[in-house]
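**Student:** give me coordinates for this.
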Amino acid sequence: MSAASNHASDPRRPNKVVRYKPPSAERLDDPTPDYMNLLGMIFSMCGLMMKMKWCAWAAVYCAFISFANSRSSEDTKQMLSSFMLSISAVVMSYLQNPQPMQPPW
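**Tutor:** Residues are numbered from 1 along each chain as shown. Sure, this is the predicted structure:
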């Protein structure tokens, strides 16, 4: 078997080959982690100030969504502070009232 016979059975078409180009950064700018981070901060403050347990749990949920949708190049200090604030809201709301959470409706 020579290289010429191998080339003849090659199904690839050289004129159809397109070089890969990574997507540009402008199209990858997803605002979801930023919105979830802000929403988590708001829920954390509501949980801490108004002692609303469901707000504190919503803050933890938003922090997880923000972490899951973030890129590795984003600021980790802001992500960590969001987690710590939401967890502290849950802890403080249960320290002051250890009763199970009442549904908000």
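**Student:** could you report the neighbour count for Leu39?
**Tutor:** Neighbourhood size, Leu39 [other CB atoms under 10 Å]: 18. Any C-beta I mention is one placed from the backbone N, CA and C, and that applies to glycine too.
**Student:** from Ala59, how far out is it?
**Tutor:** 8 Å (CB to CB, to the nearest Å).
**Student:** same deal with Leu95?
**Tutor:** 16 Å.
**Student:** and for Thr76?
**Tutor:** Relative to Ala59, and taking CB to CB, Thr76 is found at 18 Å.
**Student:** now swap in Asp75 and tell me
**Tutor:** The gap separating Asp75 from Ala59 is 18 Å, by CB to CB.
**Student:** those two: which is more packed in?
**Tutor:** Ranked by neighbour count (other CB under 10 Å), Asp75 and Ala59 place Ala59 first, with 28 against 10.
**Student:** count the neighbours of the spatially closest residue to Leu39 that is not a sequence neighbour for me.
**Tutor:** Take Leu39 and drop its neighbours on the chain: the residue closest to it by CB to CB, 6 or more residues apart in numbering is Cys62, 4.9 Å away. Cys62 is flanked by 22 other residues according to other CB under 10 Å.
**Student:** repeat for the one 3 residues further on
**Tutor:** With neighbours defined by other CB under 10 Å, the count for Ile65 comes to 17.
**Student:** got a list of what it touches?
**Tutor:** Residues near Ile65 by CB atoms under 8 Å, 6 or more residues apart in numbering: Thr32, Pro33, Met36.
**Student:** give me the buried subset of those.
**Tutor:** Among the contacts of Ile65, those buried by neighbour count (16 or more other CB atoms under 10 Å) are Pro33, Met36.
**Student:** thanks again, I'm all set now.
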